[in-house]
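**Student:** I need the structure of the sequence given here:
(one chain, ligands or ions: 1)
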Amino acid sequence: MRIRSFLFAAGVFFLIGCSGGGKTVEEKPEIKLNNRTTAKEIDASRTDASRTDAFSYLTADLESKGIGPITALNLKRRINKDLADEGKAVYTRLCTACHRTDKKFIGPEMKGLLDRRTPEWVMNTLLDPEGMIEKDSLTMKIFKEFNNVIMPNQNPTEEEARAMLEYFRTLK
Ligand code: HEC
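**Tutor:** Sure, this is the predicted structure:
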């Protein structure tokens, strides 16, 4: 019942958005509303967000591994410098249109990333950002904070994603 009225309300917003010529970015979450599970999850995350009103993308969550292909990843204590250099090159090529290392830009800064996220969560974000926005409640909250801008999949290989992760470890 709750979901149905949520869907109805969302539909109304969507119509108002269309007729009022609202910004396209604000309409994006509604596109998924045919899918009941997603709607339910967005609903749940809205409730969460109102409960923890102090949430910011810098809030650490070192529990969530996200939802995606990577379920376990143990990092060696020592950073692999060669791998990090490789990762830096990939990051510069694929990501700097939207990310800066040390300040918020279109997306969050990468500095301190591994102090606030698990390696698995980061890998899943790099390998399947759209899936994370649909299924992962932490990503949904960050997505809302960044004006509903969807991070597009840059299609890195798993090796490239792993190399970028190593580079992010060097950004303290
Ligand atoms: C078109 C812009 C865009 C591009 C290109 C992009 N991102 Fe993002 N990224 C975002 C936005 C916006 C967010 C936050 C909202 C979201 O997740 O959709 C984000 C979120 C993230 C996060 C989560 C950060 C946190 O603090 O939790 C990581 C990690 C990330 N991006 C890494 C990357 C990497 C690595 C690349 C390159 C392979 C990349 N992004 C390419 C826009 C982009």
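**Student:** what residues does the protein have near the ligand?
**Tutor:** 57, 91, 94-95, 97-99, 106-108, 113, 117, 122, 125-126, 133, 139, 142-143, 146, 149-152, 154, 156, 164 (C-beta under 6 Å from any ligand atom). C-betas here are computed from N, CA, C, even on glycine.
**Student:** inside helices: which ones of those?
**Tutor:** Among the residues of the chain next to the ligand, the residues falling in helices (DSSP state H) are Tyr91, Leu94, Leu113, Val122, Thr125, Leu126, Ile133, Thr139, Ile142, Phe143, Met164.
**Student:** would you format those as JSON lines with neighbour count and pLDDT included?
**Tutor:** Output for those, formatted as JSON lines (neighbours: other C-beta atoms under 10 Å; pLDDT from 0 to 100):
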{"residue": "Tyr91", "neighbour count": "24", "pLDDT": "98"}
{"residue": "Leu94", "neighbour count": "16", "pLDDT": "98"}
{"residue": "Leu113", "neighbour count": "21", "pLDDT": "98"}
{"residue": "Val122", "neighbour count": "24", "pLDDT": "98"}
{"residue": "Thr125", "neighbour count": "23", "pLDDT": "98"}
{"residue": "Leu126", "neighbour count": "27", "pLDDT": "98"}
{"residue": "Ile133", "neighbour count": "21", "pLDDT": "96"}
{"residue": "Thr139", "neighbour count": "23", "pLDDT": "98"}
{"residue": "Ile142", "neighbour count": "21", "pLDDT": "97"}
{"residue": "Phe143", "neighbour count": "22", "pLDDT": "96"}
{"residue": "Met164", "neighbour count": "27", "pLDDT": "98"}
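**Student:** just give me the closest of the residues you listed to Leu83.
**Tutor:** Nearest to Leu83, judged by C-beta to C-beta, of these is Met164 at 9.5 Å.
**Student:** show me the residues around the closest one that make contact.
**Tutor:** Gly87, Val90, Tyr91, Cys95, Leu126, Pro156 (C-beta atoms under 8 Å, 6 or more residues apart in numbering).
**Student:** what do you get for Gly112?
**Tutor:** Taking C-beta under 8 Å, 6+ apart, we find Gly112 in contact with Leu58, Leu171, Lys172.
**Student:** generate a PyMOL selection restricted to the buried subset of those residues.
**Tutor:** The PyMOL selection below is limited to those of the contacts of Gly112 classed as buried (16 or more other C-beta atoms under 10 Å):
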select buried, resi 171
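**Student:** neighbours around the residue lying closest to Gly68 once chain neighbours are set aside, how many?
**Tutor:** Nearest residue to Gly68, sequence neighbours excluded (C-beta to C-beta, 6 or more residues apart in numbering): Asn124, at 3.1 Å. Each residue near Asn124 was counted by other C-beta atoms under 10 Å, and the total is 27.
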